[in-house]
Each structure stands twice: as C-alpha cells, then as structure tokens.
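Asker: need coordinates for the below:
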Amino acid sequence: MPYSLETLAALATILGAAISVLALLQSRAWLVLTSLFFVGLAIAAGYYARRERLVRDAASTVIEGYSIDSLNMANLRRRLDRDFVVQEADHTARIEGEDLDITWKYSGYCRAGRASAFDFSIDSGAGTSFQELDCVAYDLGHDPDMLRVIHPLLVGPEGISKKISVPFLEPLKANQSFGVLHASRQSAC
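Answerer: You can find the predicted model right below:
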C-alpha cells in the first residue's frame, strides 16, 4: 500500500518521538542516534512534500478568478473539422477587472467542395449560458472591414464547452481562402 509523503513524514515523526522518549529513559547512545535519524528523516520528508505540493499548485493557472486549466483540457478534446485547412489560428484573452474578453481568428482555405459555415468550440465558466457570452463574428474573407456583424449559432447542448457555428456571408468553394474572427465577452459578476 503506497503512502503519501505527508503520511510518511508523520509516521517518521511519531516513531522518532517514541524512540527519543525511550532513549532518554534508557540513556542509550544508539537509541539517541536512531531517534535523531528518524527526526531528520521526518524533517526532510516534510520539506520535500511541501515543495512537491507547491510545484503542483503552481501548475494550476488561475488569472483573476478564471482557471485556464479547463480551457486547456477542452482544447485536448477538440474534433477536427475536415472541411477546412486552418493555416493560422490566433487566440487572445484579455482580462479587465471581472470581464474576460476572448478573440479567435482563424484563416486558411476550404477543402470541401462547398462550405457555408465554420464550426468551432468556445469555453466559458460554469453556469454561463451562450446568451450571456455576448458573441459576435465576422467573415473576414467577404467583409475585411468588419462592417457586417454575424451572430454565431449554438450547435448542440449548453455546457462549459459550447460548439458554435459562424455562417459565412457567402458560401465558400473548394480551395477558396477564408478568414473568421469571433469575439466573446463574459463577466464574472
């Protein structure tokens, strides 16, 4: 049965204390040395366990109350869209007070014979609905000046990871280049 370092440190401390009491009662040098060994072992194990715990806690990144670990895990479970070849992806997150602004920009070309929408996933805090995200998108291939706002559509269930679809202003043909910009804002309030 494997023990954690904290458990081993506690056991070594108890054993060291018991041997120290026995050593003091018996006045035996070998008992005193054994108790000092266990006390030293307990201190070393305690420091090592504390250092490992601090390293583990530092690996979890929380910025202004938002954990980006869930965002990273969601990215590992993404499905690939076989209709497009994405040549460039730019994801930007900006935190201002309790607001989180996230912008995604994708560009590439259409691999399918025809495509009318670009699908991808966005992530939000627990309990944040799609309507609360204040999402807008732009078809940069057909509207590079971003004059015509596109409201993305939710495809599938509500959850932390939401699959959305951004319809193009005009359908794409095979090998036609595309650019999509999506922006969302979520407030921690």
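Asker: quick one: the strands in the protein?
Answerer: With DSSP state E as the definition, the chain shows strands at residue ranges 62-63, 66-67, 84-96, 99-110, 114-123, 136-139, 153-154, 161-173, 177-187.
Asker: worst mean pLDDT among these?
Answerer: Among the strands of the chain, strand 66-67 carries the lowest mean pLDDT, a mean of 58.
Asker: got the strands of the chain as CSV, with distance to residue 147 columns?
Answerer: (C-beta placed from N, C-alpha, C; glycine too.) As requested, the strands of the chain are exported to CSV (distance: least, C-beta to C-beta, whole Å):
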stretch, distance to residue 147
strand 62-63, 33
strand 66-67, 32
strand 84-96, 21
strand 99-110, 17
strand 114-123, 19
strand 136-139, 9
strand 153-154, 20
strand 161-173, 10
strand 177-187, 13
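Asker: winner for burial among the ones you listed?
Answerer: Looking across the strands of the chain with neighbours counted as mean count of other C-beta atoms under 10 Å, the highest average goes to strand 136-139: a mean of 20.
Asker: residue contacts, residue 85?
Answerer: The contact partners of residue 85, taken as C-beta atoms under 8 Å, 6 or more residues apart in numbering, are 108-109, 111.
Asker: likewise for residue 162?
Answerer: Residues 121-124, 130, 133, 154, 156 are the ones in contact with residue 162 under the rule C-beta under 8 Å, 6+ apart.
Asker: go again using 6 Å as the cut-off
Answerer: 122, 130 (C-beta atoms under 6 Å, 6 or more residues apart in numbering).
Asker: what of residue 86?
Answerer: When contacts are counted by C-beta under 6 Å, 6+ apart, residue 86 touches 106, 108.
Asker: partner residues bridging it?
Answerer: Taking DSSP bridges, one finds residue 108 as the beta-bridge partners of residue 86.
Asker: and what of residue 115?
Answerer: So, taking DSSP bridges as the rule, residue 115 has residue 172 as bridge partners.
Asker: any idea how far it is from residue 84?
Answerer: When distance is defined by C-beta to C-beta, to the nearest Å, residue 115 is 7 Å away from residue 84.
Asker: cool, residue 150 as well?
Answerer: The value you get for residue 150 to residue 84, if C-beta to C-beta is used, is 16 Å.
Asker: ok so, going back, ok, which of the strands of the chain comes nearest residue 37?
Answerer: Comparison of the strands of the chain against residue 37 by C-beta to C-beta identifies strand 62-63 as nearest, at 40.5 Å.
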